[in-house]
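>>> Here's my sequence, what's the structure:
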Amino acid sequence: MSAKNGGVPHILHLQSTFAAGGKERRTVQLINAFGAKARHTIVSAEPERLGAADGIVRGIHVILQPEFPSLKGLPLPGRLQKIARAMKGYDLVLTYNWGAMDAVMAHTLFKDLHNLPPLIHHEDGFDESELRKLKTSRTWYRRVALGKSAGLVVPSEKLEEIALVDWQQPLGRVKRIPNGIDTKAFAMRPKKDVLRTIKRPGEMWVGTLAGLRTIKNLPRLVRAFAPLQEHWHLVILGEGEARAAIEAEADRLGVNHRVHLPGAVDDPARVIGLFDIFALSSDSEQFPLSVVEAMAAGLPVAAPAVGDIADIVSDENAEYISSPGDEAELAENLLQLSLSKELRSRLGEANRTKAVAQFDEAKMVATYRRLYSSAMRRDL
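Got it, this is the predicted structure:
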């Protein structure tokens, strides 16, 4: 499995899910950027959710969902040791979010026994169970599980604080790496018919990119959007279990003819420029890649001030970031943006300028390359 005699290193990715969400798209970015310099094996705790793999460039050596002990189950010693044994032979293990935390624990408990490769864990946020307050049991579990990791990567200042204070991780282990994108790709004008939903002359679109999960609270976005004039449409790109709830809310409000759910997209750069306003309605975020993508496409952003969103957008756009959970304020911000083309253009230009200056993927890729290379003690 591993690199021998100077061969290409083999990286094991243990994902909570590999559906097409933000952290998964970042993994794909990095896999594509490393190109032929690495081989990859990807395991998802939800084996049926592998949609993000569609974005991996052809020709890169990737093994998707091989036989591997389940990442779900009780953290019993026998099960954890099976997971640990399955990590043997790789050059680097990368784990992602709570759904892979048992693998992190297995690594810490059995690293020396099985001579396991270095492990770097990535945390991008929380599910509904830790939305309001961190679970004490999970906090203690993370403290122990991360004990022998070579690094803990977080994208946001909020998560960095949690890692240092709540999870009591040493300063040298925690690495804050903001998400980055190919800003040039998002500057391109998309084709009008790139989606199954075609943008008609005279239509204006409020759009979002999000996994259709409860924590994204997309029925709230439907309600905030509903008062906009008839020529405005809401386009939600993503897949997930909350689809029925979104459709039900659109039906209830009588706006189902203006709310569209075309599904997930492989390449957001090809479609996001069709939007006139980008919007989020999440109960929790940290450093959403979709906001940076919207900024790079020159869009104004209406979203709640969760995670680092208020600091991500330009100073000019910050006024249109609403208080967390304040649906009326989100609706008012959407309305104001919908009424002024000049305002949308001004905020969009300021957002693009900031995205290019601070969030281009070249810096992010270089930082990850250094971190992973240092852990493996070989260049990537």
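>>> I'd say Val226 and Arg252 touch.
Just to correct that, residue 226 is Ala rather than Val. No: Ala226 is beyond contact range of Arg252, at 9.7 Å (criterion: Cβ atoms under 8 Å). Every residue, glycine included, has its C-beta placed from N, CA and C.
>>> So for the two, which sits in the more crowded spot?
A count of neighbours by other Cβ atoms under 10 Å puts Ala226 above the other of Ala226 and Arg252, at 19 against 13.
>>> Run through the residues that contact the more buried one.
Going by Cβ atoms under 8 Å, 6 or more residues apart in numbering, Ala226 touches Leu253, Val255.
>>> can we see that at 10 Å?
Contacts of Ala226 were listed using Cβ atoms under 10 Å, 6 or more residues apart in numbering, and they are Trp232, Leu234, Glu249, Ala250, Arg252, Leu253, Gly254, Val255, Arg258, Val259, Ala331, Leu334.
>>> Could you tell me which of those are located in helices?
Glu249, Ala250, Arg252, Leu253, Ala331, Leu334 (DSSP state H).
>>> and of these, the nearest to Pro288?
Leu334 (17.3 Å; Cβ to Cβ).
>>> The closest one: what's its closest spatial neighbour, skipping adjacent residues?
Of all residues not flanking Leu334 in the chain, Ala302 sits nearest, at 5.0 Å (Cβ to Cβ, 6 or more residues apart in numbering).
>>> got it, and Glu130?
Arg138 (6.8 Å).
>>> Can you get me a residue count around Gly325?
Other residues close to Gly325 by other Cβ under 10 Å number 14.
>>> Would you mind measuring from it to Asn217?
Per Cβ to Cβ, to the nearest Å, Gly325 is found 9 Å from Asn217.
>>> tell me, what's touching the two both at once?
Contacts common to Gly325 and Asn217, judged by Cβ under 10 Å, 6+ apart, are Ser281, Asp283, Pro304.
>>> Quick one: which of those residues has the lowest pLDDT value?
Minimum pLDDT across these is recorded for Asp283, with 91.
>>> quick one: contacts for that one?
126, 128, 131-132, 214-217, 220, 304, 306, 324-325.
>>> element containing it, please.
Assessed by DSSP states H and E, Asp283 sits outside every helix and strand.
>>> For stretch 228-243, what is the distance to the chain centroid?
Centroid separation for stretch 228-243 versus its chain: 19 Å, with Cα atoms, centre = their mean, to the nearest Å.
>>> what about it, start to end distance?
For stretch 228-243, the first-to-last residue distance is 22 Å (Cα to Cα, to the nearest Å).
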